[in-house]
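Trainee: Return atomic coordinates for the entry below.
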Amino acid sequence: MNWMKYLKSWAFKSVFIVLLSLFLIPVQAFTAQSDTPNFDALKSEFENNNVFVSDFSHQYEDAFTGETESAEGKIWIAKERYKVEGSSQLMVVDEDISRVYDGNKNRVIISDYVEEEDDFAPSRMLQGVDDSYSVEESVGENGAATVTLSSDDPFSIFKTVTIQLNESGDPVEIRAIDQADNSITTRFDNGGFTQPSADLFEMDVPEGAERVDLRHGS
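Mentor: Numbers count the residues shown, from 1 in each chain. Now for the predicted structure:
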């Protein structure tokens, strides 16, 4: 399917709601917390300004119709910035500017990073999982961990979120069930944390590309 069209859908937004809300909210915000050293270590990676980089496949399943939507690509997630890359599309968001490049149209759209107007703003995504959630962690014999977050609050977006971590502590799968029992599953391949390069969140726009600058005062 068209990756950019999917990027705008609720199903794709959900992956960022889950990722950013789980990774960036301080551990102390969760209630009924038990001993969660692997979850703590995961979140500290972001606090230390490291970047999670991974290939991903994402699937959304509608509980009522049984229909599914899927996408794949590569993601880079930092504490306050992220980048998503598909076969011919690229999206980069930082604290000030949002840039979306569509290779099929050879066009880049640049806009101010306004949290109140941007559906992908971290302030909105962080509302996905809040202090109404409890967190539990279990560790298998091979050292891989399962982190389960759950909420009984009917106003929470998700009823349960399950994070699978490998023996190195890197996420390999996140599965979320929302209040309508829709399933959102994101799997990560070849994922890991790294220190960001100075130009990681820069966008090299091809020469001749159309530039649509929507920034105030531009």
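Trainee: If we ignore the residues flanking it in sequence, what's nearest Gly191?
Mentor: Leaving aside its sequence neighbours, Gly191 sits nearest to Ser54 (Cβ to Cβ, 6 or more residues apart in numbering; 3.0 Å). Yep, even glycine has a C-beta here, placed from its N, CA and C like the rest.
Trainee: Can you show me the strands along the protein?
Mentor: 51-61, 68-77, 82-85, 89-93, 97-102, 107-112, 134-139, 145-150, 158-165, 171-178, 183-194, 210-213 (DSSP state E).
Trainee: Columns mean neighbour count and distance to Thr36 on top of those strands, output as JSON lines?
Mentor: Below are the strands of the chain laid out as JSON lines (neighbours: other Cβ atoms under 10 Å; distance: least, Cβ to Cβ, whole Å):
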{"stretch": "strand 51-61", "mean neighbour count": "19", "distance to Thr36": "18"}
{"stretch": "strand 68-77", "mean neighbour count": "18", "distance to Thr36": "20"}
{"stretch": "strand 82-85", "mean neighbour count": "20", "distance to Thr36": "24"}
{"stretch": "strand 89-93", "mean neighbour count": "21", "distance to Thr36": "29"}
{"stretch": "strand 97-102", "mean neighbour count": "20", "distance to Thr36": "33"}
{"stretch": "strand 107-112", "mean neighbour count": "17", "distance to Thr36": "37"}
{"stretch": "strand 134-139", "mean neighbour count": "16", "distance to Thr36": "4"}
{"stretch": "strand 145-150", "mean neighbour count": "19", "distance to Thr36": "7"}
{"stretch": "strand 158-165", "mean neighbour count": "19", "distance to Thr36": "11"}
{"stretch": "strand 171-178", "mean neighbour count": "20", "distance to Thr36": "14"}
{"stretch": "strand 183-194", "mean neighbour count": "17", "distance to Thr36": "18"}
{"stretch": "strand 210-213", "mean neighbour count": "12", "distance to Thr36": "44"}
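Trainee: export those to JSON lines and tack on distance to Leu200 and mean pLDDT?
Mentor: JSON lines is the format used below for those (distance: least, Cβ to Cβ, whole Å; pLDDT from 0 to 100):
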{"stretch": "strand 51-61", "distance to Leu200": "7", "mean pLDDT": "88"}
{"stretch": "strand 68-77", "distance to Leu200": "7", "mean pLDDT": "85"}
{"stretch": "strand 82-85", "distance to Leu200": "7", "mean pLDDT": "85"}
{"stretch": "strand 89-93", "distance to Leu200": "9", "mean pLDDT": "86"}
{"stretch": "strand 97-102", "distance to Leu200": "13", "mean pLDDT": "86"}
{"stretch": "strand 107-112", "distance to Leu200": "18", "mean pLDDT": "88"}
{"stretch": "strand 134-139", "distance to Leu200": "30", "mean pLDDT": "89"}
{"stretch": "strand 145-150", "distance to Leu200": "27", "mean pLDDT": "89"}
{"stretch": "strand 158-165", "distance to Leu200": "24", "mean pLDDT": "88"}
{"stretch": "strand 171-178", "distance to Leu200": "19", "mean pLDDT": "88"}
{"stretch": "strand 183-194", "distance to Leu200": "9", "mean pLDDT": "90"}
{"stretch": "strand 210-213", "distance to Leu200": "21", "mean pLDDT": "91"}
